[in-house]
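# Next one to model:
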Amino acid sequence: MMSAGSNTFEDVKAVVLSAHDSATSRQKVDFYSSWAENYDKDVAVLEYRAPTLAANSISKHFSGDREKAVLLDVACGTGLVAKQLKTHGFGRFVGVDGSEAMLELARGSGLYQEVKQSLLGEEPLPVQWVDSFDVVVIVGALSAGQVPVAAVRDLCKATKPGGYVCMTTRSNIDNLEYKGALDRQLKQMEEEGLWICVEVTELKDWERSVSEKEEGYISGVVYLYKKIHKHSAQKA
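Numbers count the residues shown, from 1 in each chain. You can find the predicted model right below:
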């Protein structure tokens, strides 16, 4: 793992590519823990736009009281998403991440009222969180080798009826199989009457590519779903 110092694009590329050596979820957590200190400045080099784009999507459609709304930031990392949402008037955040080193930085940001260490997909979210959050957001972690597709059901469970779930994934070559499985899961849950699709935003310039297979920028997607009230689903 490369450490601090000059974070040129080639340096950051080497760091990101080294994550591919992490086969297990625990190795992935260890990788992100070792990256935590330099994470924010490194993803800035990648021109990583997902946190901003997710926050924009939520802000565009959320019509409730933003000061009172409670948001669950899953795979919160250092707090990049909460930082963006704060600029849109949201202020109550609960953060979840598998890496304690990332959570330490999230705590230090002063943005979160609570943070919890948990590895989504391996550990269920706390039962007391069912139907609890006005918005649940996961940015960056829904991709091959990270959070399994089936975990989006946990995100929906944690959302209040009428609340929103915002998710992102990459749509570049290396992630197409995962994205296909994710799309099928999201559609299946819509057919089950769990939520409705509010908006899907596809962007070509998601972030700078670090893959040898692609040059320039890779593409990505922001999904926004609204959880259906139980009585609405029963009527349907």
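
# OK, contacts around Gly140?
48, 50-51, 75, 77, 168 (CB atoms under 8 Å, 6 or more residues apart in numbering). (C-beta placed from N, C-alpha, C; glycine too.)

# Could you do Val94 as well?
By CB under 8 Å, 6+ apart, the neighbours of Val94 are 70-73, 112-116, 133.

# What ranges does the protein have for its strands?
With strands called from DSSP state E, the chain shows them at 70-74, 92-97, 112-117, 133-138, 159-170, 195-208, 217-227.

# Packing partners of the fifth one?
With contacts defined as 3 or more CB pairs under 8 Å, 6 or more residues apart in numbering; DSSP states H and E, strand 159-170 has these neighbours: helix 50-61, strand 133-138, helix 152-158, helix 176-191, strand 195-208, strand 217-227.

# any idea of the mean pLDDT for the first one?
Which is helix 50-61. Averaged across helix 50-61, pLDDT comes to 98.

# packing partners for that helix?
Going by 3+ CB pairs under 8 Å, 6+ apart, helix 50-61 lies up against helix 80-86, strand 133-138, strand 159-170, strand 195-208, strand 217-227.

# rerun that using 6 Å as the cut-off
In terms of contacts (3 or more CB pairs under 6 Å, 6 or more residues apart in numbering; DSSP states H and E), helix 50-61 is packed against helix 80-86, strand 159-170, strand 217-227.

# Dump the C-alpha coordinates for the first one into CSV.
Written as CSV, here are the backbone C-alpha positions of helix 80-86 (Å, rounded to 0.1, in the frame of the first residue of the first chain):
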residue,chain,number,x,y,z
LEU,A,80,-17.9,12.8,1.5
VAL,A,81,-21.6,12.2,0.9
ALA,A,82,-22.7,13.7,4.2
LYS,A,83,-20.6,16.7,3.4
GLN,A,84,-22.4,17.2,0.1
LEU,A,85,-25.8,16.7,1.6
LYS,A,86,-25.1,19.2,4.3
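
# if we look at that helix, which residues are touching it?
Helix 80-86 is contacted by residues 51-52, 55, 73, 93, 111, 137, 139 when judged by CB atoms under 6 Å, 6 or more residues apart in numbering.

# Buried ones among the residues you listed?
Neighbour counting by 16 or more other CB atoms under 10 Å classes 51, 55, 73, 93, 111, 137, 139 among these as buried.

# Including distance to Val222, could the residues you listed go into JSON lines?
Converted to JSON lines, the buried ones among the contacts of helix 80-86 look like this (distance: CB to CB, whole Å):
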{"residue": "Pro51", "distance to Val222": "10"}
{"residue": "Ala55", "distance to Val222": "10"}
{"residue": "Asp73", "distance to Val222": "15"}
{"residue": "Phe93", "distance to Val222": "19"}
{"residue": "Leu111", "distance to Val222": "21"}
{"residue": "Val137", "distance to Val222": "10"}
{"residue": "Val139", "distance to Val222": "9"}
